[in-house]
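# Sequence first, then the predicted structure, then my questions.
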Amino acid sequence: MFSLTDHPHRRYNPLSDEWILVSPHRTKRPWQGQVEVPPTDTRPPHDPECYLCPGNERSGGLRNPDYQGVFVFDNDFAALLPDVPAGEYVAGRSDAPPLLRAYAERGICRVICFSPRHDMALAMLDLPTIRTVVDAWAAQTLDLGGQAGIGYVQIFENRGAMMGASNPHPHGQIWATGSLPLHVSRELATQQAHFAATGRTLLGDYLELELRLGERVICANAQFVALVPFWAVWPFETLIVSRRAVPDIPALTKSERAGLADILKRITTRYDALFNVSFPYSMGFHQSPRDGAAHPEWHLHAHFYPPLLRSATVRKFMVGFELLGEPQRDITPEQAAAWLKGG
Ligand code: H2U
Ligand code: ZN
């Protein structure tokens with residue numbers, strides 16, 4: 001039998017129904033490409049130039065209130081709009097399968113400031129404050145998910161300029177859409193199939209396996225587990241899974257919300273410690289669709305997708321084979337887990 005540590009191989013992602021290529025023998029290849037200078041972090045607690053700080057004017061012209069805790073507002077440059085005329089666009093011959101199709105998509109985009117403090121980050125906030133962010137995510141999920149024409153609520157955070165964050169002030173975004181986005185509809189199909197076949201959630205079964213094997217688990221508390229998934233694409237990609245199968249953040253109990261705050265602080269702290277830099281990433285929660293149906297198959301989880309590969313300055317590029325063939329990684333998920341554990 002071949003070994004996962006020595007030989008090129010493909011791994012299956014049962015959650016997204018995709019394969020990835022792993023090339024563990026390739027970690028020693030030289031790098032003379034792009035080397036980025038790590039940004040130095042010398043932020044003041046309040047920045048008069050910051051459009052997210054309390055009391056400041058935003059570029060849209062509105063002024064932020066003098067907020068003290070979590071602050072949520074409608075995105076002034078929203079990618080989706082609530083009022084879009086419904087309808088499908090089909091162009092071409094009427095007797096052939098349509099090749100030019102489009103349909104109107106409605107939605108609502110919001111921005112969420114985690115703290116009034118410009119110099120903070122999720123990893124630096126204390127647990128009661130992170131807990132208020134979790135509560136705000138829950139409230140936003142219910143509020144946006146309950147609005148007419150909304151079928152899904154995507155909560156996410158882009159952290160660091162490398163990942164497209166437009167501002168270092170601790171903040172995230174929430175996009176509520178009419179349709180299910182691509183990755184969510186794939187996860188819905190795989191989780192439904194697993195639940196129909198076994199009566200258990202896919203991630204519940206996966207978590208049990210990972211806790212037994214231990215190799216890819218980074219940290220855990222009584223309510224949540226953080227691990228590098230067997231099928232991770234990004235070098236230090238992680239998955240945060242609730243121990244109890246719940247479909248969404250609003251379904252979390254008080255102690256589970258505290259547990260979520262705790263695991264978020266732990267994983268982001270480990271990221272920052274890895275290369276001794278404010279670790280960039282895109283993270284977000286995958287929750288059940290908000291279609292009014294029960295979703296016993298859906299198991300709440302968060303994905304962290306950080307771009308860094310081997311230092312604070314050398315990043316993984318998803319180019320070439322990744323773009324044209326399928327995702328490829330060099331260090332194994334097991335190595336990445338050992339590094340994140342501090343081994
Ligand atoms: P990102 O850092 O992840 O890009 O999020 C910041 C969001 O804030 C971005 O989507 C919005 C941008 O549209 N924004 C406002 O709503 N008002 C502003 O005055 C500036 C930026
Ligand atoms: Zn600010």
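Looks like it arrived, so ask away. Residues are numbered from 1 along each chain as shown. Ligands and ions are numbered 1, 2, ... in the order given.

# other SSEs contacting the lengthiest helix in the chain?
Scanning the chain for the helix with the most residues, using DSSP state H, yields helix 254-274. Counting contacts by 3 or more CB pairs under 8 Å, 6 or more residues apart in numbering; DSSP states H and E, helix 254-274 packs against helix 127-145, strand 217-220, strand 224-227, strand 238-242, strand 301-305, helix 333-341. Quick note: C-beta positions are derived from backbone N, CA and C, even for glycine.

# between the ones you listed, which gets nearest to ligand 2?
Smallest distance to ligand 2 across the helices and strands packed on helix 254-274 (CB to the ion): 15.6 Å, for helix 127-145.

# how far out from the middle of the chain is that closest one?
Averaging C-alpha positions (CA atoms, centre = their mean, to the nearest Å) puts helix 127-145 15 Å from its chain's average.

# Check which helices and strands it is in contact with.
For helix 127-145, the contact count by 3+ CB pairs under 8 Å, 6+ apart identifies strand 107-113, strand 152-159, strand 171-177, helix 254-274 as packing neighbours.

# In CSV, list the ones you listed along with distance to ligand 2 and mean neighbour count.
Below are the helices and strands packed on helix 127-145 laid out as CSV (distance: least, CB to the ion, whole Å; neighbours: other CB atoms under 10 Å):
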stretch, distance to ligand 2, mean neighbour count
strand 107-113, 8, 21
strand 152-159, 14, 22
strand 171-177, 8, 22
helix 254-274, 19, 20
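
# Next, format the ones you listed as CSV and append distance to ligand 1.
Formatted as CSV, the helices and strands packed on helix 127-145 follow (distance: least, CB to the nearest ligand atom, whole Å):
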stretch, distance to ligand 1
strand 107-113, 5
strand 152-159, 4
strand 171-177, 5
helix 254-274, 16
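
# got these as CSV, with mean pLDDT columns?
Formatted as CSV, the helices and strands packed on helix 127-145 follow (pLDDT from 0 to 100):
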stretch, mean pLDDT
strand 107-113, 98
strand 152-159, 97
strand 171-177, 98
helix 254-274, 96
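
# As a markdown table, the ones you listed with distance to residue 228 would be great.
Converted to a markdown table, the helices and strands packed on helix 127-145 look like this (distance: least, CB to CB, whole Å):
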| stretch | distance to residue 228 |
| --- | --- |
| strand 107-113 | 27 |
| strand 152-159 | 18 |
| strand 171-177 | 22 |
| helix 254-274 | 11 |
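
# Could you chop this protein up by domain?
According to automatic domain parsing, the chain comprises the domains 11-25+181-342, 71-176.

# Among those domains, show me which one is buried the most.
Across these, averaging neighbours per residue (mean count of other CB atoms under 10 Å) puts domain 11-25+181-342 on top, at a mean of 18.

# Could you dump the helices and strands packed on helix 254-274 into JSON lines and include mean pLDDT and distance to residue 16?
Listed next are these as JSON lines, based on pLDDT from 0 to 100; distance: least, CB to CB, whole Å:
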{"stretch": "helix 127-145", "mean pLDDT": "98", "distance to residue 16": "22"}
{"stretch": "strand 217-220", "mean pLDDT": "98", "distance to residue 16": "21"}
{"stretch": "strand 224-227", "mean pLDDT": "98", "distance to residue 16": "16"}
{"stretch": "strand 238-242", "mean pLDDT": "98", "distance to residue 16": "11"}
{"stretch": "strand 301-305", "mean pLDDT": "98", "distance to residue 16": "10"}
{"stretch": "helix 333-341", "mean pLDDT": "94", "distance to residue 16": "15"}
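
# got these as JSON lines, with distance to ligand 1 columns?
Below are those laid out as JSON lines (distance: least, CB to the nearest ligand atom, whole Å):
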{"stretch": "helix 127-145", "distance to ligand 1": "15"}
{"stretch": "strand 217-220", "distance to ligand 1": "25"}
{"stretch": "strand 224-227", "distance to ligand 1": "22"}
{"stretch": "strand 238-242", "distance to ligand 1": "20"}
{"stretch": "strand 301-305", "distance to ligand 1": "14"}
{"stretch": "helix 333-341", "distance to ligand 1": "24"}
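
# Can you tell me the element residue 205 falls in?
Taking DSSP states H and E as the definition, residue 205 sits inside helix 202-213.
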